[in-house]
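The following comprises the amino acid sequence and a computationally predicted model.
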Amino acid sequence: LHSMCSSADTSEMLYCSAYITAIVESLTAVGKEPLTHQYGICPVGPIGTAATVQAFINWAQRHPKQGSLMRYSGVAWALQARWPCH
């Protein structure tokens with residue numbers, strides 16, 4: 001996923017953006033529920049697609065050993081690091 005998100009190819013970037021956007025919506029909903037709060041994300045306001053993609057790219061570059069994770073896990077960890085629930 002990191003290579004797709006870093007690609008100049010429009011279709012790969014579109015896939016990356018859509019994939020991450022779906023996870024953002026899911027984790028934001030999870031973050032609002034008291035029983036699952038710790039597993040979600042808690043942005044204080046709207047976050048744009050570019051910001052979420054960049055958060056994932058930055059996280060992936062800082063954690064190259066995590067490259068074998070399932071895509072969902074890597075994106076979730078990246079988003080939780082950037083927009084944690086406290």
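Sure thing, it's come through. Residues are numbered from 1 along each chain as shown.

Identify the residues contacting the closest residue to R71 other than its chain neighbours.
Nearest non-adjacent residue to R71, counting by CB to CB, 6 or more residues apart in numbering: L1, 4.5 Å away. From N, CA and C alone the C-beta is placed, and that goes for glycine too. Shown in contact with L1 (CB atoms under 8 Å, 6 or more residues apart in numbering): 16, 19, 56, 60, 71, 74-75.

same thing but at 7 Å, please
By CB atoms under 7 Å, 6 or more residues apart in numbering, L1 lies in contact with 16, 19, 71, 74.

That one and V75, how far apart?
Distance from L1 to V75, counting by CB to CB, to the nearest Å: 7 Å.

where's A76, which helix or strand?
helix 71-82 (DSSP states H and E).

For that helix, buried residues please.
74-80, 82 (16 or more other CB atoms under 10 Å).

Could you list every helix and strand in contact with that helix?
Applying 3 or more CB pairs under 7 Å, 6 or more residues apart in numbering; DSSP states H and E, one finds that helix 71-82 makes contact with helix 10-32, helix 49-62.

any idea how far that helix is from the chain center?
Relative to its chain's centre, helix 71-82 lies at 5 Å (CA atoms, centre = their mean, to the nearest Å).
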